[in-house]
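sequence and predicted model, in that order:
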Amino acid sequence: MNVTTRAMSASSDSQKLDDLLTKMDTLLKAKNNILLKLNKLEEIQGTIVEDVISVKQSLQDSQLKIEEKVDRMETAFLKGLIEDLENWTKCNNIVIWAWKKAVRELTPEWKDISGLPYFKV
């Protein structure tokens, strides 16, 4: 090889090396940018997971509160029904004291009257 061809090949080799190094720098910058974006995505994913967990917890808390309110409402409704039943039974259970003696004195057929549903002996 000639000196001129060697010089030309050395300059072309150094040019190729320079081109290769600039391309590698560009690739390294792109890789670093991708890594930064991946780190940001991981952080965002972590916050999203935390948010989903907190939403699930708040939904469970809300469901428990709703169930408690429904239970209280059902209890109040049932208590109202019990009070109504008690009031109706009180109305049907009027007690007249000394009724037997008065009926015996006025009515000789005591057993006939005592068989009626409203007269309990």
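That came through, no problem.

measure residue 71 to residue 84 for me?
Going from residue 71 to residue 84 by C-beta to C-beta, to the nearest Å gives 20 Å. Every C-beta, even on glycine, is put in place using the N, C-alpha and C of the backbone.

typo on my end, it should be residue 52
Distance from residue 52 to residue 84, by C-beta to C-beta: 48 Å.

again, but for residue 12
Distance, residue 12 to residue 84, using C-beta to C-beta: 106 Å.

separation between residue 41 and residue 30?
As defined by C-beta to C-beta, residue 41 lies at a distance of 16 Å from residue 30.

for this structure, which spans come out with low pLDDT?
1-10, 91-121 (pLDDT under 70).

can you name the helix or strand that residue 30 falls in?
Assigned by DSSP states H and E, residue 30 belongs to helix 3-92.

can you get me a residue count around residue 52?
Neighbour count of residue 52, defined by other C-beta atoms under 10 Å: 10.

brain fart, residue 74
For residue 74, using other C-beta under 10 Å, the count is 10.

what about residue 32, neighbour count?
Neighbour count for residue 32, taken as other C-beta under 10 Å: 10.

for residue 60, that is, sorry about that
Counted with other C-beta under 10 Å, residue 60 comes out at 10.

same check, this time on the one 10 residues further on
Other residues within reach of residue 70, judged by other C-beta under 10 Å, total 10.

and it, how far from residue 76?
11 Å.

and for residue 29?
According to C-beta to C-beta, residue 29 and residue 76 sit 70 Å apart.

what does residue 64 give?
19 Å.

against residue 49, how distant is residue 23?
38 Å.

revised request: answer the last question for residue 40.
Distance, residue 40 to residue 49, by C-beta to C-beta: 15 Å.

and residue 90, by the same measure?
Taken as C-beta to C-beta, the span from residue 90 to residue 49 is 61 Å.

do the same with residue 68
Taking C-beta to C-beta as the measure, residue 68 falls 29 Å from residue 49.

and residue 79, by the same measure?
For residue 79, the distance to residue 49 - C-beta to C-beta - is 45 Å.

what's the answer for residue 29, then?
Distance of residue 29 to residue 49, computed by C-beta to C-beta: 31 Å.
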